[in-house]
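Chemist: need a structure here:
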Amino acid sequence: MALQCYLPMLKRTPLKTKGIKLKRTPLRKKTDSDEKKAEKALQKIQDTDFYLKIWEERKHISDLTGKIIPGECSPAYMHHLLPKHKYKHLRYEPDNILLCEIEYHSQIEINETLLPDQIFVKFFEKLQFAQNKFLK
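Modeler: The predicted structure follows:
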């Protein structure tokens, strides 16, 4: 009974468009094609294999602190000195990878100038090395 008194207020009315008729169109769903999904899956496998190779070669030792990184291999420990979205040809280049702790990796992504001084110096040396090797 109480709901009936609200029905006039809930009446659906068309939008006021000042005489312009609006066309009703459904929302488009953005979907990846099967090819793109397969490419992404293949790239993820290649990335994982590449990171495992780096992890084993460098014996889980951070390039910034020299400390052993505990746990299992993770992309969170791998930082591309020259970004992989900009330099696609350097995505699988071992000398473009910096192996570091998660907290330093996230700090480098946000603002590398806020790193502790000793860590920043080592990071900057590695970055200069990568730039000299790949960009000249």
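
Chemist: And for the residue nearest to residue 58 when sequence neighbours are not counted, the neighbour number?
Modeler: Once flanking residues are discounted, residue 58 sits nearest to residue 99: 5.2 Å by CB to CB, 6 or more residues apart in numbering. Every residue, glycine included, has its C-beta placed from N, CA and C. Residue 99 has 22 neighbouring residues, counting by other CB atoms under 10 Å.

Chemist: does residue 99 really touch residue 57, like I thought?
Modeler: No: the criterion here is CB atoms under 8 Å, and residue 99 misses it with residue 57 at 9.4 Å.

Chemist: need the longest helix for the protein.
Modeler: Longest helix in the chain, counting residues (DSSP state H): helix 34-57.

Chemist: ok, for residue 92, nearest residue in space, not its chain neighbours?
Modeler: With CB to CB, 6+ apart as the criterion, residue 92 has its nearest non-adjacent residue at 5.1 Å, and that residue is residue 50.

Chemist: And the one you found, how far from residue 96?
Modeler: 11 Å (CB to CB, to the nearest Å).

Chemist: The two - which one has more neighbours?
Modeler: residue 96 (22 against 17).
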